[in-house]
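Student: After the sequence you'll find the predicted model.
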Amino acid sequence: MASQATISNTWINTKVPSSSFKELGSLSSNPTTSLSFKKRSTNNTKKSNNKNTISCSLQTFHFPTQYKPSSTTTTSSSSSITNTNTKTSTTPTKENKTHQQILSPKQEPQKKWNLVQKVAAKALDFVETTLVSHERKHPLPKTADPRVQIAGNFAPVPETPVQHSLPVTGKIPKCIEGVYVRNGANPLHEPSAGHHLFDGDGMVHAVRFKDGSASYACRFTETERLVQEKELGKPVFPKAIGELHGHSGIARLLLFYARGLFGIIDGNNGMGVANAGLVYFNNHLLAMSEDDLPYHVRVTENGDLKTVGRYNFDEQLKSTMIAHPKVDPVTGDLHALSYDVIQKPYLKYYSFNKDGVKSPDVEIDLKEATMIHDFAITENFVVIPDQQVVFKLSEMIRGGSPVIYDKEKVSRFGILDKNGVNGEGVKWIEAPDCFCFHLWNAWEEKENDEVVVIGSCMTPADSIFNECDENLKSVLSEIRLNIKTGKSKRREIIDESEQVNLEAGMVNRNKLGRKTQFAYLALAEPWPKVSGFAKVDLFSGQVKKYIYGDQRFGGEPMFLPRDTNSENEDDGYILTFVHDEKEWKSELQIVNAMNLKLEATINLPSRVPYGFHGTFIHSNDLKNQA
């Protein structure tokens, strides 16, 4: 694995004067950049004649012809995505370069190539240049356009070595001793073609709490993919969502395999980005994306981060791990899934006991490869969603995306004993028209023969991955699965008059798999941004909101229990990163989960892009890291 030396990018630069409204990846030389919100209408509307306008259900972006990330001397708006009544501006300078000109410079490979490899590398680079030139003649869908996917505070940042004694407003609660870590996508190299937010390289942001003070660091997770691309000075591994569309996607796969055939790159040790989930288990902090094994990341004594390497649980794990494994708070066991998009078995379940010893794989029979980003556990069962977003690689031959919504398929949930030994023990219960990207919790109600699942049902189901004109909705729902009758019932937890998009979040993890009253979820509005979080009473449907403020947005709220023995389920704190798009500054907020009052704010030395999921490692556990 590569050394812990700081990784730098020529296209990433966040050193901005505090008085500047600097924006990385500033996307508009047009003085008006707008975000429009419109409810679905039955009337036909006229399409914009502006060729540089990208329209989707919730947003209208105005971009120049070329993608022009700002230089250090450029002054721009606080965000490329703003309220419709807000005007933004960009002051161009001679430092601005076109998309073609600012690609990270190719470096000489550190490993020695023979003559055949050198010739092959040049030939394949020429093929790729030709392919990119062809691709740029065609407009990208918003789900694959880097000008949309990594605009504003979705844009990447460079690594930040640990910085101590950060300014604190308020007082950090005494019980918060340890480190809060959060994962996210942060592309090392500027995309040369299509790019989806989920495609970026993994970066972990860490805030360490010790004796009432705080430190901050962020580091790339040095995956096999990132190390090789860093050495070559450009992206060479295919991007699963942003690039693998249609015939050009097939061409990119062929390029990848050709480079591997000549030994220019090595894809045998995984292609994952490790950018989604984080879990602390058996003295290991693991960074994950479902396309690879997890990566072991260590928190150093001074609060910095170091990638140890790709982690296979002492050679026990031979397949990928889902981005959201579950640690049972009672047994300490870790439960996980692994799915394959190419060959059967498409899905496997396995677990590790608290000492890290793996169970045999349980092969689960699925008719087709299905996207399963998350799942749930109860006291005795594993709850497996088999929904309508599926993988069909043959669609690429027909010019489409391999990730599709199968309207003919009926969504269902599988209930499997945690200690099950084969897939024949799965009890499948249909739940029509239900797609939950995330499941927040599940529990058993034995008196009703039911398993209760709490999740956010998204429509359209594939809108995250494919262009669509319909407004995205993410509705917090209770799904009841009757094991005895094989029937399901679903209800919206929040009253229709108060309905809001609720996404990334969690319940009290000490209650995972058991009946819980509260969930803490991101207010994903204006989509895809997060304007605050909601504390939802899952029994009554009551919603209490915490709003970050004007032009302030964040991400997943992380609930940290004050005391594992507390009588109150909500006795604890919410930790969340918040970014101010006017001041272009980021902070960590600590909010009392019982009364939603702000306890402390930690000013961070670097911008924190909007990201994905996190966890907290207590100080005693940090001492015992592997």
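Tutor: Thanks, I have the structure now.
Student: all helices of the stretch 201-350 of the chain, in order?
Tutor: 224-232, 246-261 (DSSP state H, counting those that start in this stretch).
Student: same check, this time on the chain
Tutor: For the chain, the helices defined by DSSP state H occupy 115-135, 146-149, 224-232, 246-261, 394-397, 619-623.
Student: would CSV of the ones you listed with mean pLDDT be doable?
Tutor: Shown next, in CSV, are the helices of the chain (pLDDT from 0 to 100):
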stretch, mean pLDDT
helix 115-135, 83
helix 146-149, 79
helix 224-232, 91
helix 246-261, 82
helix 394-397, 72
helix 619-623, 92
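Student: Output those in CSV, with distance to Cys218 and mean neighbour count appended to each entry.
Tutor: For every residue, glycine as well, the C-beta is placed using N, CA and C. Output for the helices of the chain, formatted as CSV (distance: least, Cβ to Cβ, whole Å; neighbours: other Cβ atoms under 10 Å):
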stretch, distance to Cys218, mean neighbour count
helix 115-135, 30, 14
helix 146-149, 20, 25
helix 224-232, 14, 21
helix 246-261, 29, 17
helix 394-397, 35, 14
helix 619-623, 18, 14
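Student: Tell me if I'm right that Trp428 and Leu416 touch.
Tutor: No. Using Cβ atoms under 8 Å, Trp428 is not in contact with Leu416; the gap is 9.9 Å.
Student: picking up where we left off before, format the helices of the stretch 201-350 of the chain as TSV; extra columns: distance to Ile377.
Tutor: As requested, the helices of the stretch 201-350 of the chain are arranged in TSV below (distance: least, Cβ to Cβ, whole Å):
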stretch	distance to Ile377
helix 224-232	30
helix 246-261	35
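Student: Quick one: closest of the ones you listed to Pro139.
Tutor: helix 246-261 (13.1 Å; Cβ to Cβ).
Student: so where's this structure uncertain?
Tutor: Across the chain, residues meeting the criterion (pLDDT under 70) sit at 1-111, 399, 460-471.
Student: ok, the residue of the chain most remote from its centre to Val308 distance?
Tutor: In the chain, the residue that sits farthest from the middle, by Cα atoms, centre = their mean, is Leu115; the gap is 40.8 Å. In this view, Leu115 and Val308 are 36 Å apart by Cβ to Cβ, to the nearest Å.
Student: that older thread, indicate which one of the helices of the stretch 201-350 of the chain is closest to Asn275.
Tutor: Nearest of the helices of the stretch 201-350 of the chain (Cβ to Cβ): helix 224-232, 10.2 Å.
Student: and the angle for the closest one with helix 246-261?
Tutor: 80 degrees (axes from the mean of the first three to the mean of the last three Cα atoms, to 10 degrees).
Student: could you list every residue that touches Ala336?
Tutor: In this structure, Ala336 makes contact with Met321, Ile322, Pro325, Lys326, Tyr349, Tyr350, Ser351, Phe352, judged by Cβ atoms under 8 Å, 6 or more residues apart in numbering.
Student: Tell me if I'm right that Gln542 and Val536 touch.
Tutor: Yes. Counting by Cβ under 8 Å, Val536 is a contact partner of Gln542 at 7.3 Å.
Student: between the two, who's got more neighbours?
Tutor: Val536 (26 against 15; other Cβ atoms under 10 Å).
Student: Looks like the more buried one contacts Ala522 (just checking).
Tutor: No. In this structure Val536 lies outside contact range of Ala522 using Cβ under 8 Å: 11.4 Å.
Student: any residues in contact with both of those two?
Tutor: With Cβ under 8 Å, 6+ apart as the test, Val536 and Ala522 both reach Leu502.
Student: any idea how far the residue nearest to Arg298 when sequence neighbours are not counted is from Thr300?
Tutor: The shortest distance from Arg298 to any non-neighbouring residue, by Cβ to Cβ, 6 or more residues apart in numbering, is to Lys306 (4.9 Å). Going from Lys306 to Thr300 by Cβ to Cβ gives 6 Å.
Student: For the residue farthest from the centre of the chain, give its distance to Gly332.
Tutor: Leu115 sits 55 Å away from Gly332, going by Cβ to Cβ.
Student: now do His205
Tutor: Taken as Cβ to Cβ, the span from His205 to Gly332 is 27 Å.
Student: So for those two, which residue has more residues nearby?
Tutor: Ranked by neighbour count (other Cβ under 10 Å), His205 and Gly332 place His205 first, with 26 against 13.
Student: ok, the residue lying closest to that one once chain neighbours are set aside to Glu315 distance?
Tutor: In space, and not counting its chain neighbours, His205 is closest to Cys218: 4.4 Å by Cβ to Cβ, 6+ apart. As judged by Cβ to Cβ, Cys218 and Glu315 stand 31 Å apart.
Student: what about these two, which has more around it?
Tutor: Cys218 (27 against 7).
Student: For that one, name its beta-bridge partners.
Tutor: For Cys218, the beta-bridge partners are Thr160, His205 (DSSP bridges).
Student: Surely it is in contact with Arg607?
Tutor: No. Using Cβ under 8 Å, Cys218 is not in contact with Arg607, being 9.7 Å away.
Student: so what sits against both of the two?
Tutor: The contact lists of Cys218 and Arg607 share Val157, where a contact means Cβ under 8 Å, 6+ apart.
Student: Just give the closest residue to Val382, not the sequence neighbours.
Tutor: Among residues not flanking Val382 along the chain, Leu416 sits closest, at 4.8 Å (Cβ to Cβ, 6+ apart).
Student: Now do the one you found: how many residues are near it, please.
Tutor: Neighbour number of Leu416 under other Cβ under 10 Å is 22.
Student: Next: Phe539.
Tutor: 12.
Student: How about Asn565?
Tutor: Neighbours of Asn565 (other Cβ under 10 Å): 8.
Student: From Gln228, how far off is it?
Tutor: Counting by Cβ to Cβ, the gap from Asn565 to Gln228 is 48 Å.
Student: cool, and Val362?
Tutor: Taken as Cβ to Cβ, the span from Val362 to Gln228 is 34 Å.
Student: What of Ser359?
Tutor: Ser359 is 33 Å from Gln228, by Cβ to Cβ.
Student: Now do the same contact list for Asp333.
Tutor: Asp333 touches Val327, Ser351, Phe352, Asn353, Lys354, Lys418, counting by Cβ under 8 Å, 6+ apart.
Student: mind redoing it with 6 Å?
Tutor: By Cβ atoms under 6 Å, 6 or more residues apart in numbering, the contact set of Asp333 is Ser351, Asn353.
Student: repeat for Ser488
Tutor: Ile429, Ala431, Leu481.
Student: Nearest residue to the second one in space, please, no chain neighbours.
Tutor: Right, the one you point to is Ala431. Closest to Ala431 by Cβ to Cβ, 6+ apart is Ser488, at 4.4 Å.
Student: Tell me what the one you found is bridged to.
Tutor: Where Ser488 sits in a bridge, its partners, by DSSP bridges, are Leu481.
Student: what about it, distance to Arg412?
Tutor: Following Cβ to Cβ, the distance that separates Ser488 from Arg412 is 8 Å.
Student: tell me, what's touching these two both at once?
Tutor: What both Ser488 and Arg412 touch, as defined by Cβ under 6 Å, 6+ apart, is an empty set.
Student: hmm, back to that, of the contacts of Ser488, keep whichever come out buried.
Tutor: Ile429, Ala431, Leu481 (16 or more other Cβ atoms under 10 Å).
Student: now those in TSV, with distance to Asp580?
Tutor: Listed next are the buried ones among the contacts of Ser488 as TSV, based on distance: Cβ to Cβ, whole Å:
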residue	distance to Asp580
Ile429	45
Ala431	40
Leu481	43
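Student: dump the residue contacts of Lys354.
Tutor: Contacts of Lys354 by Cβ under 6 Å, 6+ apart are Gly332.
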